[in-house]
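K.L.:
Generate coordinates for the sequence data below:
(one chain, ligands or ions: 2)
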Amino acid sequence: MNADADAVSLARALQAEADRANERRVLVLAGSRHRGYDRLESILDALPVPITGTTLVGPEDRLRCEQCRQVDASDLLGTTRDVIAVDSHDELQPNALGKVTGAVDGGGLLVLLTPPLEAWPERRGAFADSLAVPPFELDDVTGRFKRRLVRTLRAHRGIAIVDLERDRCEADGLTDPAPRLATEPPTPPSDHRFPTAAYEACLTADQVAAVAAFESLHGTERAVVLEADRGRGKSSAAGLAAGALALDGEDVLVTAPAVRNAAELFDRAGALCERLEGDAATVDSRRIETAAGGSIEFREPTAAVDILESADIVIVDEAAALPVATLESLLAADRIAFATTIHGYEGAGRGFSVRFRDRLAESEHAVTDRTLVEPIRYAAGDPVEAWAFRALLLDARPPVDQLVTDATPETVEYRRLEPDALLADERLLREAFGLLVLAHYRTEPNDLARLLDAPNLAARALLHDGHVVSVALLAREGGLSPDTRAMMYEGGRVRGNMLPDVLTSQLRDEAASEPVGRRVVRIATHHAARSRGLGSHLLERIRAEFAAGSDDGDGPAGVDWLGTGFGTTPGLLEFWRENDYRTVHVSTTRNDASGEYSALMLAPTSDEGGALHDRHADWFVRRFAALSSDALDDLAPDVARALLRSADADAGPSLSMTAHEWRVIAGAAYGPGLFDVDPGPFRDLVVRYLVDDPDTVDLTDREERLLVLRALQGHGWETVADRLEYHSPGQCMRALGDAFCPLVDRYGSDAALEVRARFVDE
Ligand SMILES: CC(=O)SCCNC(=O)CCNC(=O)[C@H](O)C(C)(C)COP(=O)(O)OP(=O)(O)OC[C@H]1O[C@@H](n2cnc3c(N)ncnc32)[C@H](O)[C@@H]1OP(=O)(O)O
Ligand SMILES: Nc1ncnc2c1ncn2[C@@H]1O[C@H](COP(=O)(O)OP(=O)(O)OP(=O)(O)O)[C@@H](O)[C@H]1O
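P.N.:
Ligands and ions are numbered 1, 2, ... in the order given. As a prediction, the model looks like this:
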């Protein structure tokens, strides 16, 4: 038999076994690219799988089947394919691998076309190129992620490896699974309100329980949360429930990141409505109407927020992939359900579990939770799912709570997490990466490759009894050549230098990328050990290690600055401020994923870093008032307060109001004057007060919010009165005047104090 026939019969045997077990199998075709494609074509011809069920994920349309590029792998999320072949000769994007693996059906094959496995880790493709950020070059990028990947391919069950160069089968991937037991169809709950047909349409007992959870939405102020790994049928369960609710006359509003994410939901809901109402129901891909007077309608997330009031019930599918701010706006709905992916961070954010769960818990909604465990696309125990989880660390978790509950700054050891050490110690890698995933809504498989291979990144951790309790990811930034600096200043982009890039290109400071710094890209403390000073301790140790001139500094002369950039919340700003980081910028648009404005902060560690900080802090304070009534007029007042409070107290101009302007301010505070006639000087005063030490003036939180909303952001009296719950605009006006009194007392010039004396008996 020739080699071609061998590979074909192996593929057939693999596929037949996958089919019998309702599991998936992986077939690696390792060798030259043309041999890989030749063999793949013979295999596809021979497999009993229609070409319409096959997708090639690669740079060129080289087969007769559907094709997409790795960057477009998200198109396959939530879809189900019989065979997916990934051409990874030019590059392999870890994110794409995660997405496509989840889309292979039970009985299906994932085929990987790779270079010879020994040589693969050393190949540098487009993804590696993206890790070579200036001043580093492609040769500085390492191949650890791929070395680990090859190790997992060789170690895991269900993975066949064919060496095309030596015409040799390295592993046949056959697992000889036990025969599948016939499973009983799930039964409806004994007592139910939804039609029996909704339960009969379920494929697993988990799905029945999930549909039943939606019955709680008949009450008021209710929320349902369905959580599951990919392919457990949560969208379908939500669809059956949506159908049942619409059949009961309810108007159901469905939203998801894109309409294709809601396709399964509408399929299942449509089928149920047609089954129970026949032609009386009208079914479309975005709208279903029932004869009972109910409806199901799809709207994109922002549009959905605008029409919440018109719906009885809202269902949010793929909630993890929506910005937290959008999820919060949706919570205004009285009855709402969220379906979300747990370990599917290959394509879904972590915003839902990281930030939104707390806010849901604080809301008035009574929450019913259901987790769907049983897979539907393939059988439980599928070896390819186990491999993908391991290879991409999709299920990486921080240590269990008990291991770290006693951690304090005194018990922990500071550790540099060198990539080789991480590669050699799977538990350390899982704990550190797991902590980053759980704590951050945007950690994805590409980040695992970055952690292992990117020359500009470094990780540091605190270990308690050998377990990771706090972790930080640092990026080297700045130190760029004069040519690169000029290029950035003139509008060019440079990768991987976020802080210098913004300071140079947006804030017009050509010298900003000359000093060298370390940006804290991410920091996380184990949730069982927060608020004990561990995060601060880690930052302290990092500063000691990297500070300019320190002996054990990483690099010859240490760094000029430490910095950070993150989606602002008052609590986080407070954390960084306490650790001596100071605000130098806030973005003028909201982050797509978090829905928050981002702040940039600096903690200088040398004279050059100090100079960089000082001029940017000054510019930041100077521009803040104008920004607040423009791009930042929807910034939350508490965030605006925290941003200014975290700026350096010496930054910004000192007050320079004329005597007349002081009379206007003092007249509005103590006399019959009006803020509205000349808001400018009032704003300067508010900015100065919020940047200075606030303890010197006695204002309440509400009064400070009033200063931000009215004086800085320029919202109208009616709006401000409404938001801060003043009885009337008139009362709000008087409150603003009162709020300025202590500011006049603290800052007022002689002219101001003279005005005050006319109205106050001193
Ligand atoms: C660039 C970035 O990574 S920014 C994102 C930071 N990371 C995250 O948001 C992940 C989730 N959060 C965490 O892992 C932790 O809360 C960290 C890393 C922010 C802080 O770690 P900890 O070990 O708790 O820090 P530490 O004990 O030194 O300081 C805690 C103080 O920071 C402030 N703080 C930090 N986060 C918050 C928050 N979300 N809300 C309110 N206050 C906060 C508080 O002042 C808090 O003190 P308190 O608990 O007494 O009120
Ligand atoms: N009750 C059902 N009846 C028929 N098909 C179903 C049912 N439940 C799930 N499926 C099918 O199983 C697959 C996975 O279901 P679904 O998309 O609902 O799961 P999911 O958990 O939302 O997965 P993903 O996150 O991958 O989209 C889909 O192809 C879907 O059509």
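
K.L.:
measure the closest residue to residue 723 other than its chain neighbours to residue 462 for me?
P.N.:
By the measure of CB to CB, 6 or more residues apart in numbering, the closest residue to residue 723 outside its immediate chain neighbours is residue 709, 6.5 Å from it. From N, CA and C alone the C-beta is placed, and that goes for glycine too. Summarising the geometry, the distance separating residue 709 from residue 462, computed by CB to CB, to the nearest Å, is 40 Å.

K.L.:
And residue 645, by the same measure?
P.N.:
In this structure, residue 645 and residue 462 are 28 Å apart, going by CB to CB.

K.L.:
more neighbours, those two?
P.N.:
In terms of neighbours (other CB atoms under 10 Å), residue 462 is the more surrounded of residue 645 and residue 462; the figures are 26 against 19.

K.L.:
Name the residues of this protein found near ligand 2, please.
P.N.:
With CB under 6 Å from any ligand atom as the criterion, the chain meets ligand 2 at residues 78, 80, 102, 201-203, 207, 228, 230-236, 264, 341, 376-377.

K.L.:
and those, which are buried?
P.N.:
Taking 16 or more other CB atoms under 10 Å as the criterion, what is buried in the residues of the chain next to ligand 2 is 78, 80, 102, 201-202, 207, 228, 230-236, 264, 341, 376-377.

K.L.:
Give me the subset of the residues you listed that lies in strands.
P.N.:
Of the positions in these, 228, 341 sit in strands, assigned by DSSP state E.

K.L.:
Of the buried ones among the residues of the chain next to ligand 2, which belong to helices?
P.N.:
Judged by DSSP state H, these include 102, 207, 234, 235, 236, 264 as members of helices.

K.L.:
Spatially nearest residue to the residue in the stretch 1-150 of the chain that ligand 1 sits nearest to, not counting backbone neighbours?
P.N.:
Among residues of the stretch 1-150 of the chain, the one nearest ligand 1 by CB to the nearest ligand atom turns out to be residue 133. It sits 17.7 Å away. For residue 133, ignoring the flanking residues on the chain, the nearest one in space by CB to CB, 6+ apart is residue 496 at 2.7 Å.

K.L.:
For that neighbour, list the residues it contacts.
P.N.:
Remark: with contacts taken as CB atoms under 8 Å, 6 or more residues apart in numbering, residue 496 is in contact with 133, 134, 454, 456, 475, 477.

K.L.:
One more pass at 7 Å, please.
P.N.:
Residues touching residue 496, when contacts are defined by CB atoms under 7 Å, 6 or more residues apart in numbering, comprise 133, 456, 475.

K.L.:
So which of the residues you listed wins on neighbours?
P.N.:
Of all the contacts of residue 496, the most densely surrounded is residue 456 (23 neighbours; neighbours counted as other CB under 10 Å).

K.L.:
neighbours of the nearest residue to it once chain neighbours are set aside, just the number please.
P.N.:
Taking CB to CB, 6+ apart, and ignoring the residues beside it in sequence, residue 456 has residue 476 as its nearest neighbour in space, at 4.6 Å. Number of residues near residue 476 (other CB under 10 Å) recorded here: 23.

K.L.:
Convert the C-alpha atoms of the strand or helix carrying residue 476 to PDB, please.
P.N.:
Residue 476 is part of strand 467-478 when elements are defined by DSSP states H and E. Output in PDB follows, covering the C-alpha atoms of strand 467-478 (Å, rounded to 0.1, in the frame of the first residue of the first chain):
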ATOM      1  CA  HIS A 467       0.800  28.900  44.800                       C
ATOM      2  CA  VAL A 468       0.200  32.000  42.800                       C
ATOM      3  CA  VAL A 469      -1.800  34.500  44.800                       C
ATOM      4  CA  SER A 470      -1.100  37.700  42.800                       C
ATOM      5  CA  VAL A 471       0.200  38.100  39.300                       C
ATOM      6  CA  ALA A 472       1.300  41.000  37.100                       C
ATOM      7  CA  LEU A 473       2.100  41.100  33.400                       C
ATOM      8  CA  LEU A 474       4.600  43.900  32.400                       C
ATOM      9  CA  ALA A 475       5.400  45.200  29.000                       C
ATOM     10  CA  ARG A 476       8.600  47.000  28.100                       C
ATOM     11  CA  GLU A 477       7.800  50.300  26.400                       C
ATOM     12  CA  GLY A 478       9.700  53.300  25.100                       C
END
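
K.L.:
What lies in contact with the helix or strand following it?
P.N.:
Toward the C-terminal end, the helix or strand that comes next after strand 467-478 (DSSP H and E) is helix 482-489. Taking CB under 7 Å, 6+ apart as the criterion, the residues outside helix 482-489 that touch it are 134, 494, 501, 504, 505, 510, 513, 514.

K.L.:
Mark which of those residues are part of helices, please.
P.N.:
Cross-referencing these against helices under DSSP H gives residue 501.

K.L.:
Going through the contacts of helix 482-489, which ones are buried?
P.N.:
The neighbour-count criterion (16+ other CB under 10 Å) marks 134, 494, 501, 504, 505, 513, 514 among those as buried.

K.L.:
and which of those residues is nearest to residue 246?
P.N.:
Residue 246 lies nearest to residue 501 out of the buried ones among the contacts of helix 482-489, by CB to CB, at 49.4 Å.

K.L.:
got a list of what that closest one touches?
P.N.:
488, 494.

K.L.:
Please parse this protein into its domains.
P.N.:
Here the domain parsing of the chain from automatic domain parsing is 3-172, 196-372, 401-628, 659-759.

K.L.:
Let me know the closest of the contacts of residue 496 to residue 618.
P.N.:
For those, the minimum distance to residue 618 (CB to CB) is 25.5 Å, reached by residue 475.

K.L.:
With that, I have no additional questions.
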